[in-house]
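In: Give me a model of this one.
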Amino acid sequence: MSDTLAVERGTSRQEQKEMKAKRPVRRWLAVGLIALFLVGAYAFNYFLLSPNSLSKEATFTSADEGFSINFPDVWKKLSDSDTAALQGNFSLAVSRDKPFAFLGVRVEPMNAKDSNFKEISRMLDKTMPGQFTDFKKVASKTTKLRSGEEVLEYGFTFLSDEEKLIRQQLTVIPTSENVYYLGAWTEKKNFKKVKTDLEEIAGSFSLGD
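Out: Residues are numbered from 1 along each chain as shown. The predicted structure is shown next:
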C-alpha cells in the first residue's frame, strides 16, 4: 500500500505495523477464552457428579499473580487437589450448592493492555459455535470493575453432555503483564438466582497484593 493510499484511508504505515503486531495478542486472548470455556464445561460435570472437599475462605489473594478477590460465605474455595483435577491451570476455583454454580480464575502471562475488546468478541462469535452443542451468545459488553479496570463480559448458553442447558459468563481483564480470566457457569434455569453473587465476585476483583 502506498503512503498516499494509507493516508487517504486514515492509516499510516506505522499504525498498520502496530495493528499487525496486536493481532497475535488478540488471537491468543481468544484462544485463552475458548480454553477456559471448555474447561468450564468439564468442571461443571465433574463437580455435579463427584464429591469435593472445600475450605471456608471468603477472600483470596495471590501476591505472586497480583490479584485479590472476595466471594460470599456461601461460596467455598475448592481444595488444591480438586482444583488440580480440573486441568485448567486455575489460580482459584470456588463453587456453591443449591443451586450449584462454579467460578474459576485463570491467569495467562501476556501484554494485552491495549486489546480491542470488540475484536476479541468477534473472534469468539466466529469460533465458539463450533466448540459447543446448541451454542447461543446472550451477552457481550465492556464494563468497569469497582477498582476502575475496564473489562469484557461475554456470556452464552450451550447444551452439556448430560443435556443440561448451561449458562456461562466470562470476565476478561487485560493488563500490561497478564490477562485475568474469570469464568463462571451454572444451569441456565439457576442463573438469575446466582447472578448477584457472580456480579459481586467479579466486581470485587482488584489488582495488586
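In: How many residues are close by residue 173?
Out: 23 (other Cβ atoms under 10 Å). The way it works is simple: take the backbone N, C-alpha and C, and place the C-beta from them, glycine included.
In: Spatially, which residue comes closest to it, not counting chain neighbours?
Out: Take residue 173 and drop its neighbours on the chain: the residue closest to it by Cβ to Cβ, 6 or more residues apart in numbering is residue 180, 4.2 Å away.
In: again, but for residue 146
Out: Nearest residue to residue 146 in three dimensions, chain neighbours excluded: residue 203, at 5.0 Å (Cβ to Cβ, 6+ apart).
In: Mean confidence (pLDDT) on the top strand by length along the chain, please.
Out: Longest strand of the chain, by residue count under DSSP state E: strand 133-144. The average pLDDT within strand 133-144 is 94.
In: could you say what helices and strands it packs with?
Out: helix 117-127, strand 150-159, strand 165-174 (3 or more Cβ pairs under 8 Å, 6 or more residues apart in numbering; DSSP states H and E).
In: Tell me which other helices or strands the first one touches.
Out: Yep, that's helix 117-127 we're talking about. helix 13-49, strand 133-144, strand 150-159.
In: Where among these is average confidence lowest?
Out: Across the helices and strands packed on helix 117-127, helix 13-49 gives the lowest mean pLDDT, at a mean of 50.
In: Average pLDDT for the helix or strand just after that helix, rounded please.
Out: As assigned by DSSP states H and E, the chain's next helix or strand after helix 13-49 is strand 59-62. Mean pLDDT, computed over strand 59-62, is 90.
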